[in-house]
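In: The sequence and its predicted three-dimensional model are supplied below.
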Amino acid sequence: EVQLVESGGGLVQPGGSLRLSCAASGFTFSSYSMNWVRQAPGKGLEWVSYISSSSSTIYYADSVKGRFTISRDNAKNSLYLQMNSLRAEDTAVYYCARRMTTVTYLLDYWGQGTLVTVSS
Amino acid sequence: DIQMTQSPSSLSASVGDRVTITCRASQGISNYLAWYQQKPGKVPKLLIYAASTLQSGVPSRFSGSGSGTDFTLTISSLQPEDVATYYCQKYNSARLTFGGGTKVEIK
C-alpha cells in the first residue's frame, strides 16, 4: 500500500525556518517524481515545488522561489522541503504528492499533510 | 503562466439534481485536465483525469468533458456524500495549477 507521511510542521515566527519531511513507503520511491502542494486555511490548493526521481529537475512556484528548497534522499525513501524566510502567507497545510507516471504529471497519491503556522 | 478559472465558486442544489461545474484555462491545455474532490478535513481525491477518464472506484454519476480551454465536471444526480469542494487542475507540465475550487452543498 502506498503511504506518504509528512512531518515537521509547527508554529514558527515570521522570518524563521522549518524543514518538512515526507516518508514514503509501499512503492519504489526512487522511481517517482514528487511534489509539495499546500493549502492555506479555508483556501484552495497551491502547487509549491516539484523534484524528479533523480533530483536532476526541480521547479518552484514563484511565491516560494528563493526561499524554499526541495530535496530528496532515495536511500531513505524521503522527500524534504526546507522553508526559510517564512511569511504569514506561508501558513498552510503542506502535502507531499506523488507524480503518477513518467508520461504524465498527474498526482495519484497524497499524504495527510502537515500544518505550518507562521505567526508571532 | 496558465491560469485556471472555475465557476461557480459555490453552489447549492437538491439531492438528485444535475450539477455542472466549469473550468477555463487561460491557454489551451489539450486534455491535460483533472478534477479532484476534497471533503472537509480530508485529502484531495482524484476523480477524473484526461478531462473525461473516471478514476477507478469513482461513481459513474461523475463525468467530465472538454478539451483545449473549456472543461466541465458533471454530477448527474447529486448525493449527500458529494458535499465537498471540487478543484480542477491542469497537468500539461510539472508546474501544476489548480482552479480556485467550487464548494458544493445540499439545499
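Out: Nice, thanks for sending it over.

In: which bits of chain A sit near chain B?
Out: A:33, A:35, A:37, A:44-47, A:50, A:57, A:59, A:61-62, A:95, A:104-108, A:110-113 (CB under 8 Å from any CB of the partner chain). In this view, the C-beta of every residue, glycine as well, is placed from N, C-alpha and C.

In: what's across from residue A:51 in the sheet?
Out: residue A:34, residue A:58 (DSSP bridges).

In: Distance check, it against residue A:76.
Out: Between residue A:51 and residue A:76 the computed distance is 14 Å (CB to CB, to the nearest Å).

In: got a pLDDT number for residue A:8?
Out: Residue A:8 is assigned 98 on the pLDDT scale.

In: More neighbours: which of residue A:51 and residue A:76?
Out: The residue with more neighbours, out of residue A:51 and residue A:76, is residue A:51; 24 against 12, by other CB atoms under 10 Å in any protein chain shown.

In: Can you name the residues that contact that one?
Out: By CB atoms under 8 Å, 6 or more residues apart in numbering or on different chains, the contact set of residue A:51 is A:33-35, A:57-58, A:70-72, A:79.

In: which of those residues has the most neighbours?
Out: Of the contacts of residue A:51, with other CB under 10 Å as the count, residue A:79 tops at 28 neighbours.

In: Assumed it was part of a strand.
Out: Yes. Per DSSP: H, G, I helix; E, B strand; the rest coil, residue A:79 lies within a strand segment.

In: Give the closest residue to it in space, chain neighbours not counted.
Out: Leaving aside its chain neighbours, residue A:79 sits nearest to residue A:22 (4.0 Å; criterion: CB to CB, 6 or more residues apart in numbering or on different chains).

In: what about residue A:120, distance to chain B?
Out: Here residue A:120 is placed at a distance of 27 Å from chain B (CB to the nearest CB, to the nearest Å).

In: Now do the strands in chain A.
Out: Taking DSSP state E as the test, the strands found in chain A are A:3-7, A:10-12, A:18-25, A:34-39, A:45-51, A:58-60, A:68-73, A:78-83, A:92-101, A:104-110, A:114-118.

In: weakest of those strands by average pLDDT?
Out: Looking at those, the weakest mean confidence is strand A:104-110, a mean of 92.

In: tell me the angle of that strand relative to strand A:3-7?
Out: In terms of direction (axes from the mean of the first three to the mean of the last three CA atoms, to 10 degrees), strand A:104-110 departs from strand A:3-7 by 70 degrees.

In: got the buried residues for strand A:104-110?
Out: A:105-107, A:109-110 (16 or more other CB atoms under 10 Å in any protein chain shown).

In: Give me the residues contacting it.
Out: Outside strand A:104-110, the residues that touch it by CB under 8 Å, 6+ apart are A:2, A:4, A:35, A:37, A:50, A:95-100, B:32, B:34, B:43-44, B:46, B:49, B:89, B:91-94, B:96.
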